[in-house]
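Engineer: Just a sequence and a predicted model for now, questions to come.
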Amino acid sequence: MFDGTELKTLGMLTATVEHPMSRKPKRMDFYVVSTHDRAILGMRACKGMELLYINERNICSVRNDGATSDNEATRSSTEANTERCQA
(Lines give C-alpha, C1' and ligand atoms only; values in the text may rest on other atoms or scores of the structure.)
Protein backbone atom coordinates (compact mmCIF):
# COMPACT_ATOMS: atom_id res chain seq x y z
CA MET A 1 0.00 0.00 0.00
CA PHE A 2 1.07 3.63 -0.23
CA ASP A 3 1.77 3.79 3.50
CA GLY A 4 4.12 0.82 3.33
CA THR A 5 1.71 -1.74 4.81
CA GLU A 6 1.04 -5.02 3.03
CA LEU A 7 -2.42 -5.67 1.63
CA LYS A 8 -3.26 -9.31 2.28
CA THR A 9 -4.96 -11.06 -0.63
CA LEU A 10 -7.47 -13.90 -0.53
CA GLY A 11 -6.63 -15.03 -4.05
CA MET A 12 -6.34 -14.03 -7.67
CA LEU A 13 -8.59 -14.38 -10.68
CA THR A 14 -8.09 -13.76 -14.38
CA ALA A 15 -10.94 -12.14 -16.27
CA THR A 16 -11.53 -10.67 -19.68
CA VAL A 17 -12.48 -7.02 -19.32
CA GLU A 18 -13.70 -4.62 -21.98
CA HIS A 19 -12.77 -0.97 -22.50
CA PRO A 20 -15.96 1.06 -21.89
CA MET A 21 -15.70 3.10 -25.10
CA SER A 22 -13.67 1.09 -27.63
CA ARG A 23 -15.09 -2.28 -26.50
CA LYS A 24 -11.57 -3.70 -26.90
CA PRO A 25 -11.20 -6.83 -24.72
CA LYS A 26 -8.16 -7.55 -22.55
CA ARG A 27 -7.35 -10.40 -20.14
CA MET A 28 -6.21 -9.10 -16.77
CA ASP A 29 -5.34 -10.51 -13.36
CA PHE A 30 -7.26 -9.25 -10.33
CA TYR A 31 -6.31 -9.79 -6.70
CA VAL A 32 -9.18 -10.38 -4.28
CA VAL A 33 -9.05 -8.77 -0.82
CA SER A 34 -11.54 -8.61 2.02
CA THR A 35 -10.68 -5.18 3.41
CA HIS A 36 -11.64 -2.74 0.63
CA ASP A 37 -15.07 -1.58 -0.45
CA ARG A 38 -14.00 -0.49 -3.95
CA ALA A 39 -12.01 -2.04 -6.76
CA ILE A 40 -8.55 -0.55 -7.22
CA LEU A 41 -6.82 -0.46 -10.59
CA GLY A 42 -3.11 0.24 -10.59
CA MET A 43 -1.29 2.41 -13.10
CA ARG A 44 -0.13 -0.60 -15.14
CA ALA A 45 -3.74 -1.84 -15.51
CA CYS A 46 -5.04 1.64 -16.38
CA LYS A 47 -2.33 2.11 -19.02
CA GLY A 48 -2.93 -1.40 -20.37
CA MET A 49 -6.63 -0.66 -20.80
CA GLU A 50 -5.82 2.76 -22.27
CA LEU A 51 -7.83 4.47 -19.51
CA LEU A 52 -4.99 6.94 -18.98
CA TYR A 53 -2.07 8.23 -20.96
CA ILE A 54 1.14 9.64 -19.54
CA ASN A 55 2.68 12.28 -21.77
CA GLU A 56 6.32 11.53 -20.96
CA ARG A 57 7.45 14.57 -22.96
CA ASN A 58 6.13 16.70 -20.08
CA ILE A 59 8.12 14.85 -17.40
CA CYS A 60 11.28 16.76 -16.54
CA SER A 61 12.46 14.61 -13.64
CA VAL A 62 11.65 11.37 -11.88
CA ARG A 63 12.24 10.70 -8.22
CA ASN A 64 12.85 7.03 -7.40
CA ASP A 65 11.49 6.09 -3.99
CA GLY A 66 11.99 2.39 -4.76
CA ALA A 67 8.24 1.72 -4.67
CA THR A 68 7.92 -0.52 -7.77
CA SER A 69 9.85 -1.97 -10.65
CA ASP A 70 7.87 0.39 -12.93
CA ASN A 71 10.15 3.16 -11.65
CA GLU A 72 13.03 1.64 -13.63
CA ALA A 73 11.15 1.78 -16.92
CA THR A 74 9.81 5.27 -16.25
CA ARG A 75 13.23 6.58 -15.26
CA SER A 76 14.86 5.13 -18.39
CA SER A 77 12.19 6.49 -20.71
CA THR A 78 12.39 9.98 -19.23
CA GLU A 79 16.17 10.49 -19.25
CA ALA A 80 16.05 12.08 -22.71
CA ASN A 81 13.09 14.21 -21.61
CA THR A 82 15.09 15.48 -18.63
CA GLU A 83 17.83 16.63 -20.97
CA ARG A 84 15.27 18.52 -23.07
CA CYS A 85 13.78 20.17 -19.98
CA GLN A 86 17.19 21.37 -18.82
CA ALA A 87 18.04 22.90 -22.19
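Structural biologist: Done, it's in.

Engineer: Walk me through the domains of the protein.
Structural biologist: The record, using automatic domain parsing to delimit domains, assigns the chain the ranges 1-53, 54-87.

Engineer: With mean neighbour count and mean pLDDT added, can I get these in TSV?
Structural biologist: No exception for glycine: its C-beta is placed from N, CA and C like everyone else's. Compiled in TSV, the domains of the chain are given as follows (neighbours: other Cβ atoms under 10 Å; pLDDT from 0 to 100):
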stretch	mean neighbour count	mean pLDDT
domain 1-53	10	85
domain 54-87	11	61
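
Engineer: Am I right that residue 16 is in a strand?
Structural biologist: Yes - counting by DSSP: H, G, I helix; E, B strand; the rest coil, residue 16 falls inside a strand.

Engineer: show me what contacts it?
Structural biologist: Going by Cβ atoms under 8 Å, 6 or more residues apart in numbering, residue 16 touches 25-28.

Engineer: quick one: which of the residues you listed is nearest residue 6?
Structural biologist: Distance to residue 6, by Cβ to Cβ, is smallest for residue 28 among the contacts of residue 16, at 21.6 Å.

Engineer: Was I right to think the closest one contacts residue 46?
Structural biologist: No - the pair residue 28 / residue 46 is not scored as a contact, 10.7 Å apart, by Cβ atoms under 8 Å.

Engineer: Under a three-state scheme, what state does residue 44 occupy?
Structural biologist: When the rule is three-state DSSP, residue 44 gets the label helix.

Engineer: in what helix or strand does residue 6 lie?
Structural biologist: Assigned by DSSP states H and E, residue 6 belongs to neither a helix nor a strand.
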